[in-house]
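Q: No sequence on hand, only this structure:
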């Protein structure tokens with residue numbers, strides 16, 4: 001029997017399609033919890049040196065802060081040269097700026113994140129939890145405005161009763177993210193990322209510990225209800241994401 005040419009073979013993959021399929025994907029890594037973001041940055045920088053924006057040096061020089069979104073827009077040509085872009089931005093902004101990129105994000109249980117932030121201010125800035133909780137500016141800027149609402153669009157006012165509309169909008173936006181993970185299942189999240197970006201086998205996947213004060217949760221118990229009311233929408237959104245990711249730790 002005469003062999004068929006590739007052009008005649010219905011199972012043959014067209015060269016153009018094969019080349020497109022093999023083109024390396026490019027990513028935006030949008031991380032909300034700091035510990036997971038720091039760990040993921042370390043992993044990606046080790047695996048893909050020079051291909052993560054912004055560079056570790058520029059982040060360190062900026063006291064750990066990422067460029068503001070306006071700066072990201074202004075540096076679009078520079079940013080586009082890198083396979084990975086990392087930072088804390090509004091998801092709808094990223095979807096508009098990078099329509100051709102895959103987006104990866106990881107969430108943290110909102111109350112646990114709140115405890116972590118208060119612990120950070122105690123540890124680094126010597127602001128005791130009682131003083132932190134009496135400072136409306138700190139509560140608004142560091143707790144209310146720094147939660148899962150990044151997924152919804154312009155920061156909605158989710159204090160008190162959460163907005164069902166905003167939760168639904170955030171869930172709709174999540175449909176366009178390549179990988180959504182939760183920090184409480186970090187090993188599973190990293191395993192998915194490793195498969196997606198083809199991490200070299202020798203890459204160190206050890207998680208960076210977020211060492212905090214072990215007695216902080218008990219100290220915040222008198223304020224727990226107040227804090228949960230302030231982040232009610234975030235808690236509901238996190239719960240819905242847990243359902244979607246198949247977590248057994250749905251709050």
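A: Structure received. On a predicted model such as this, the values are computed, not experimentally measured, just so you know.
Q: Helix, strand or coil: sort out residue 63 for me.
A: coil (DSSP: H, G, I helix; E, B strand; the rest coil).
Q: Spell out the residue ranges of the helices in the stretch 51-200 of the chain.
A: Under the criterion DSSP state H, counting those that start in this stretch, helices of the stretch 51-200 of the chain are mapped to 56-61, 69-74, 76-79, 91-97, 110-125, 129-133, 136-138, 164-174, 186-197.
Q: To residue 43, which of the ones you listed lies closest?
A: Among the helices of the stretch 51-200 of the chain, the nearest to residue 43 by CB to CB is helix 186-197 (7.3 Å). All C-beta spots, glycine's among them, are computed from the backbone N, C-alpha and C.
Q: Give me the phi and psi for residue 83.
A: phi -70, psi -30 (degrees, to the nearest 10).
Q: Wait, residue 59 touches residue 66, no?
A: Yes: contact criterion CB atoms under 8 Å: residue 59 and residue 66 qualify, at 6.6 Å.
Q: still on that earlier bit, any idea which of the helices of the stretch 51-200 of the chain scores lowest on pLDDT?
A: Lowest mean pLDDT of these: helix 164-174, a mean of 81.
Q: Any buried residues in that one, and which?
A: For helix 164-174, a neighbour-count test (16 or more other CB atoms under 10 Å) marks 166-167, 169-170, 173-174 as buried.
Q: Next up, the contacts around the residue nearest to the spatial centre of the chain.
A: For the chain, the residue sitting closest to the mean C-alpha position, by CA atoms, centre = their mean, is residue 31 at 2.0 Å. Going by CB atoms under 8 Å, 6 or more residues apart in numbering, residue 31 touches 37, 40, 86-88, 105-106.
Q: Over to residue 217?
A: Neighbours of residue 217 in contact, by CB under 8 Å, 6+ apart: residue 115.
Q: Give me the local confidence score for it.
A: If you check residue 217, the pLDDT there is 81.
Q: Residue 20 too?
A: pLDDT, residue 20: 38.
Q: quick one on the thing from earlier: with distance to residue 145 added, can I get the helices of the stretch 51-200 of the chain in TSV?
A: TSV is the format used below for these (distance: least, CB to CB, whole Å):
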stretch	distance to residue 145
helix 56-61	21
helix 69-74	14
helix 76-79	24
helix 91-97	15
helix 110-125	11
helix 129-133	15
helix 136-138	11
helix 164-174	14
helix 186-197	24
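Q: how many other residues sit next to residue 152?
A: Counted with other CB atoms under 10 Å, the neighbours of residue 152 add up to 26.
Q: can you check residue 81 too?
A: 9.
Q: And for the one 5 residues further on?
A: By the criterion of other CB under 10 Å, residue 86 has 22 neighbours.
Q: The protein: strands as residue ranges?
A: 27-31, 52-53, 84-87, 102-107, 179-182 (DSSP state E).
Q: Redo those strands as a markdown table? Include distance to residue 240 and mean pLDDT.
A: Listed next are the strands of the chain as a markdown table, based on distance: least, CB to CB, whole Å; pLDDT from 0 to 100:
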| stretch | distance to residue 240 | mean pLDDT |
| --- | --- | --- |
| strand 27-31 | 18 | 87 |
| strand 52-53 | 30 | 94 |
| strand 84-87 | 24 | 91 |
| strand 102-107 | 11 | 90 |
| strand 179-182 | 11 | 86 |
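Q: Nearest to residue 192 among those would be which one?
A: strand 179-182 (5.4 Å).
Q: Packing partners of the closest one?
A: Where contact means 3 or more CB pairs under 8 Å, 6 or more residues apart in numbering; DSSP states H and E, strand 179-182 is packed against strand 102-107, helix 186-197, helix 232-245.
Q: contacting residues around the closest residue to residue 88 other than its chain neighbours?
A: Residue nearest to residue 88 in three dimensions, not counting chain neighbours: residue 66, with 6.0 Å by CB to CB, 6 or more residues apart in numbering. With contacts defined as CB under 8 Å, 6+ apart, residue 66 is in contact with 54, 59, 86-89.
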